[in-house]
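Novice: Any chance you could fold what I've pasted below:
(chains A and B)
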Amino acid sequence: MANYAAATIIVLSIILIGLLLIRPSITAAQGGKIVAFIAFFILPVVATVLGASIHLENSTSTQFCLSCHVMEAHGKSLYIDDPSYLPAAHFQNNRIPKEQACFTCHTDYTMFGDVNAKMRGLQHIYVYYFKGAPDKLALYEPFKNRECLHCHATARSFEETSPHKEMRDQLASNDMSCLTCHTKVHDVANIDKKKTWKGPKG
Amino acid sequence: MNGNSARLQRKMKTAACLLIAGLAVEGITLQWAHPTSFLLFLILGGILVVAGIAVYLIAIVTA
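Specialist: Below you'll find the model as predicted:
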């Protein structure tokens, strides 16, 4: 819907600007000046703001993250046929939205978390184009429990099970990482040796 | 047509070309959900549109 709105505004703006380019005499009249202001200022600003918001929304999609060749193996890891693999178990059992799988776990759940995630995304693009992607992809900083606890905290299956309840404070304070026990994450180095799930039937 | 009016029209033409190019880039990149398209939208489309708007505003203020 927003895509259609942005396209309509862009086309309308281009038509009006084109018209004023061909017939500049239109701007001699008061009405023409107003049309020119709308075409040269209001519509381009609205189109750019709307377009930026569409791009930011698109950038949260799984398809967006996996559109980069270097992320292919990470995408495959979501289909590992083994429930002990964290990303695969979350993805295949709808614990995270499939269409925003990467973003759901890798954004920061803080006030400016989404902005930080976008900045990291821009950093990825910079590194990819100007320095080349490293052989082994790694997070810029260790994965924080906060991102897991955003969903798991207060969930009965988490709070009332052992050993979570015994180490609840350590997990909350990040003194112990969730990944200390849940060690199987993307494991892209061995991805080709893993059996994969073919997706839901039907 | 006096010199002032000719200068204004020249600037309006420049602004129009910049804006059409910028809006075209923005429109094309919106059809593609990829990091490169996001970058093109932001850097190429954004700069062309901002430059077009700036030239237009300068033209009408200095006219």
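
Novice: max-length helix in chain B?
Specialist: helix B:3-29 (DSSP state H).

Novice: mind listing what's buried in that helix?
Specialist: B:8-9, B:11-12, B:14-16, B:18-23, B:25-27, B:29 (16 or more other Cβ atoms under 10 Å in any protein chain shown). C-beta: built from backbone N, CA, C; applies to glycine.

Novice: quick one: contacts of the helix or strand hosting residue A:120?
Specialist: Taking DSSP states H and E as the definition, one finds residue A:120 inside helix A:113-126. With Cβ atoms under 8 Å, 6 or more residues apart in numbering or on different chains as the contact definition, helix A:113-126 has outside contacts at A:56, A:59, A:68, A:103, A:106-108, A:110, A:140, B:35-36, B:38-39.

Novice: would JSON lines of those residues with pLDDT be doable?
Specialist: JSON lines is the format used below for the contacts of helix A:113-126 (pLDDT from 0 to 100):
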{"residue": "A:56", "pLDDT": "90"}
{"residue": "A:59", "pLDDT": "90"}
{"residue": "A:68", "pLDDT": "88"}
{"residue": "A:103", "pLDDT": "93"}
{"residue": "A:106", "pLDDT": "92"}
{"residue": "A:107", "pLDDT": "90"}
{"residue": "A:108", "pLDDT": "91"}
{"residue": "A:110", "pLDDT": "90"}
{"residue": "A:140", "pLDDT": "85"}
{"residue": "B:35", "pLDDT": "87"}
{"residue": "B:36", "pLDDT": "88"}
{"residue": "B:38", "pLDDT": "89"}
{"residue": "B:39", "pLDDT": "88"}
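
Novice: Narrow these to those that are buried.
Specialist: Buried among those (16+ other Cβ under 10 Å): A:59, A:68, A:103, A:107-108, B:35, B:38-39.

Novice: Need those residues in TSV (columns: secondary structure and distance to residue A:88).
Specialist: Shown next, in TSV, are the buried ones among the contacts of helix A:113-126 (DSSP: H, G, I helix; E, B strand; the rest coil; distance: Cβ to Cβ, whole Å):
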residue	secondary structure	distance to residue A:88
A:59	coil	23
A:68	coil	20
A:103	helix	17
A:107	coil	19
A:108	coil	23
B:35	helix	24
B:38	helix	28
B:39	helix	30
